[in-house]
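Colleague: Model the following, please.
(2 chains)
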There are 2 protein chains.
Amino acid sequence: MSSFAKMHQSNLNTSLFGLSLDRRSGLPLHTQLTQALREMLRADPAAAGERLPPSRALAEELSVSRMTVTTAYDQLIAEGYLSTRPGGGTYVAEDLPHLAPPAPRDATSKASEARQDTPATAWLPFQPGLPDQALFPHRLWARHLERAWRNPDPALLDRPDPFGWTPLRQAIRDHLAAWRGLDCATEQVVITGGAWDGFDLIARAALPPGALMATEDPGWATMGQVLAASGITDRPVRIDAEGLDPADLPPETRAVTITPSRHFPTGIAMPLTRRLALLDWARERDALIVEDDYDSEFRYRGQPLPALAGLDGLQRVIYMGSFSKLFSPALRIGYLVLPERLVTPMRDAIATTGSRVSMVPQPALASFMASGEFATHLRRMRRHYAKRQRHLLSELAGLEHFLQLQPDPSGMHLCAGLGPALAPLGDRAISERAKAAGLTLRALSSHARLPDPPQGLLMGYAAFDERALSGAANTLRALLRAL
Amino acid sequence: MSSFAKMHQSNLNTSLFGLSLDRRSGLPLHTQLTQALREMLRADPAAAGERLPPSRALAEELSVSRMTVTTAYDQLIAEGYLSTRPGGGTYVAEDLPHLAPPAPRDATSKASEARQDTPATAWLPFQPGLPDQALFPHRLWARHLERAWRNPDPALLDRPDPFGWTPLRQAIRDHLAAWRGLDCATEQVVITGGAWDGFDLIARAALPPGALMATEDPGWATMGQVLAASGITDRPVRIDAEGLDPADLPPETRAVTITPSRHFPTGIAMPLTRRLALLDWARERDALIVEDDYDSEFRYRGQPLPALAGLDGLQRVIYMGSFSKLFSPALRIGYLVLPERLVTPMRDAIATTGSRVSMVPQPALASFMASGEFATHLRRMRRHYAKRQRHLLSELAGLEHFLQLQPDPSGMHLCAGLGPALAPLGDRAISERAKAAGLTLRALSSHARLPDPPQGLLMGYAAFDERALSGAANTLRALLRAL
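Modeller: Just a heads-up that it's a prediction; the model follows:
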């Protein structure tokens, strides 16, 4: 990969050493350094793959503590801007994560607003984790919204329940019983503003301040940020072929977050033995397990694996669900299913500050689910996604030398291993070339924060129809042969 | 007031001393004690006004550190369950704050779900801070929702801007220019999930961890909880006749939150001299001012006072607005207007975790505002509220001996001083009697956390029509004469 980096010119070190931090500003020095460095990396794509100055050297140059520099480096490693390499040293990632466009410089020009108004670049194949909005029943959904608010149930305008709209919580309970083999009471269901809001509430109601939470590595790329924002100390733990192993957990671990039904992003399903081992661990340590169950409804062969929370009888496991992948990211609605003993602490935690979740989508989603139209939609999407996965696999047949692909019984993306022809290049370099060719081929290693991450490529197929997948497959074939 | 308490029997101390805390639980001891004590107070209304055991005595009984007890007491004082008295000692409040109903004990019975399904007790006069939902244009609003999502703008389904839906941010900018004399750029407007979300974002993007923020006392009752949940150290500061005085701010103060246009809950408008003094203070200390401007659009005489943020040219002031009082609490949408220099740090802070705000209401609110229907609605509500205030004042004329009332040029509630006939009783005792008579007459002192708070009674009129106000006024007259 570094040979690839050598091809470029970059003035990163010069600008880094020239950096001046403002001690009178309201922002801590490490925050200022993080922001400045992040800006530089955004502004200077040529820096990809470049090695950063050792923390001690930079600390001396800026006359700040070395801790300030390492804190900033660690933060940007967590965000995926920087990476460490086996040999040691900190490098600029070749595969920078998507971030929102920075605010236009000229804060008053109508022009810049017009720019903001135009939709951001559309998603490219093989962007993972997206439902196909073209197949979304927009008119039906709009009708549910209109009906819910035209002549609203008085309870919608009264004191809101801190846990959200009760009929929606009942619909979620019924959905979980039918689709996830999870039996719970409406009272245990909390509507949230998505995963971030969910972890924030868990931190406030169920964990001591700064508690250590183990997370899967590789895993969700921004997990570290989300937990940090909620005051949780995040500890990535490398998974094995069966997922996260309780034997690898540091003794001070108070909680783990896992994706047992379908590990993100590798797709590994955690076997029962490992599930039971994790539940034993949680019982012995009186620890908490957060089960992040993000897309298990999309199961193409056999039954979905029942949720871990069901196996546990909701004693030590908090079940975390979301509608972003199942339905629409625009909803920004998720939910938690709590163990009995956490219901009252959580009610108190939310009652003191009030819920952050808008009431507007809740009654519409409730009636959409209660009417059975939601289940119909899921089954329809599942048929489409299954066809798309088969189509993609057939399009890419015969490339075993490059990509090690196999049918996945569930999910919305495939995780391809690197064949002998690609392994020497490394997944980030390939991802970088693919980007240049107009393909989003996310590197598995960009989802890891520990050194020597597994190599692979994520291929989302759910959001793209057969034509788009065929076109992208052609581009990919050409690209691979060129390597 | 204590005489009032003496009338009751309570076993609070017995149950407190019998309390057992679980050292193996995930929850810190002070959290467990806070929750247990809160539960007792909920379960035991007879405890109102009772004196709690001294922290040292309780600490010995429970064999925990005294700090554990004082932390729990302070928390419940902040929440309004407990209060301190000039003479010293901690007492159960006579005027417990509204909290959501606790979770039903039987977590599986359909019956308990049915209970949850029935709307909570309707709001009683003179509940403050509520818009009149009966005057809300529900059909019109539902149509905007339906139109926005029937055939949605592709940008609504694409990468969301971390600051929210741009057309809504533009509509807010135009609204602020027209109604609040505040000139800003769309880029400076951030859509939030309400005040709590707003403070949380400010803490992450603009303040060092645990920064000290001064807040008005009396003020917003749950302010302490909201700031604590966002990792901000809250310091209530007693206001004078002109509002918060910068001379009273501790030197380590990094930020203040104020309601300069109309102090909540007293209604004081901060004079220009004091506004300028605060801006000078912020410039000298490089500190931040959060201007909480919650209902200034409802101005019945003269022009609304221009926002402090305008006077400052958005250098040191973050403007915080909300649609809860203007439009509907069900929206759960607020916004921040940021100084230029905070735009990029805030974008980075939100981009790392993603926004918590649902997209669903945003395009509907944007078109509702852009169409001019929002301004029409505000003007209509303003006429109604002005009439209702006049009506309430005329209904209560001749009670000067009890209530010191005067016309308020703005807002949604009146803050009545206690006349010679009521002063000896104290506002909490009166509030307690009113509750028994079916009136919500919130005690001004229940909005204070510092000792010797000012006494008064809050009378919300906005959400109640003339008939309801006349009826409530009759009840109140009878009650006052009986005292």
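Colleague: Going along the chain, name the strands of the stretch 201-350 of chain A.
Modeller: Per DSSP state E, counting those that start in this stretch, the stretch 201-350 of chain A carries strands over the ranges A:212-217, A:233-238, A:253-258, A:288-292, A:317-322, A:334-337.
Colleague: nearest to B:Ser83, of those strands?
Modeller: Closest approach to B:Ser83 among the strands of the stretch 201-350 of chain A (C-beta to C-beta): strand A:334-337, 33.7 Å. From N, CA and C alone the C-beta is placed, and that goes for glycine too.
Colleague: Mean neighbour count, distance to B:His144 and mean pLDDT for the strands of the stretch 201-350 of chain A - can I get that in JSON lines?
Modeller: Listed next are the strands of the stretch 201-350 of chain A as JSON lines, based on neighbours: other C-beta atoms under 10 Å in any protein chain shown; distance: least, C-beta to C-beta, whole Å; pLDDT from 0 to 100:
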{"stretch": "strand A:212-217", "mean neighbour count": "22", "distance to B:His144": "41", "mean pLDDT": "98"}
{"stretch": "strand A:233-238", "mean neighbour count": "18", "distance to B:His144": "41", "mean pLDDT": "96"}
{"stretch": "strand A:253-258", "mean neighbour count": "23", "distance to B:His144": "38", "mean pLDDT": "98"}
{"stretch": "strand A:288-292", "mean neighbour count": "24", "distance to B:His144": "35", "mean pLDDT": "98"}
{"stretch": "strand A:317-322", "mean neighbour count": "26", "distance to B:His144": "26", "mean pLDDT": "97"}
{"stretch": "strand A:334-337", "mean neighbour count": "24", "distance to B:His144": "25", "mean pLDDT": "98"}
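Colleague: export these to a markdown table and tack on distance to A:Ser20?
Modeller: Rendered in a markdown table, the data for the strands of the stretch 201-350 of chain A read as follows (distance: least, C-beta to C-beta, whole Å):
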| stretch | distance to A:Ser20 |
| --- | --- |
| strand A:212-217 | 36 |
| strand A:233-238 | 31 |
| strand A:253-258 | 39 |
| strand A:288-292 | 42 |
| strand A:317-322 | 42 |
| strand A:334-337 | 42 |
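Colleague: As a markdown table, the ones you listed with distance to chain B would be great.
Modeller: Shown next, in a markdown table, are those (distance: least, C-beta to the nearest C-beta, whole Å):
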| stretch | distance to chain B |
| --- | --- |
| strand A:212-217 | 12 |
| strand A:233-238 | 13 |
| strand A:253-258 | 6 |
| strand A:288-292 | 6 |
| strand A:317-322 | 11 |
| strand A:334-337 | 10 |
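Colleague: Of those strands, which is nearest A:His30?
Modeller: strand A:233-238 (16.5 Å).
Colleague: A:Thr233 and A:Pro208 touch, don't they?
Modeller: No - proximity of A:Thr233 to A:Pro208 does not meet the contact threshold set by C-beta atoms under 8 Å, at 10.5 Å.
Colleague: Can you work out which residues contact both of those two?
Modeller: Between them, A:Thr233 and A:Pro208 share no contacting residue under C-beta atoms under 8 Å, 6 or more residues apart in numbering or on different chains.
Colleague: Tell me how many other residues surround A:Leu479.
Modeller: By other C-beta atoms under 10 Å in any protein chain shown, 18 other residues sit near A:Leu479.
Colleague: Of the strands of the stretch 201-350 of chain A, which is nearest A:Arg150?
Modeller: Comparing these under C-beta to C-beta, the one sitting nearest is strand A:334-337, at 25.8 Å.
Colleague: Return the closest one as PDB; C-alpha atoms alone will do.
Modeller: Taking Å, rounded to 0.1, in the frame of the first residue of the first chain, the C-alpha atoms of strand A:334-337 are listed here in PDB:
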ATOM      1  CA  GLY A 334     -35.000   2.700  16.800                       C
ATOM      2  CA  TYR A 335     -36.000   0.900  20.000                       C
ATOM      3  CA  LEU A 336     -34.700  -0.900  23.000                       C
ATOM      4  CA  VAL A 337     -36.200  -3.900  24.800                       C
END
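Colleague: and it, what does it pack onto?
Modeller: helix A:166-179, strand A:189-192, helix A:195-206, strand A:317-322 (3 or more C-beta pairs under 8 Å, 6 or more residues apart in numbering or on different chains; DSSP states H and E).
Colleague: looking at the ones you listed, which is buried most?
Modeller: With neighbours defined by mean count of other C-beta atoms under 10 Å in any protein chain shown, none of these is more surrounded on average than strand A:189-192, at a mean of 27.
Colleague: Rounded mean pLDDT for that one, please.
Modeller: The average of the pLDDT scores along strand A:189-192 is 98.
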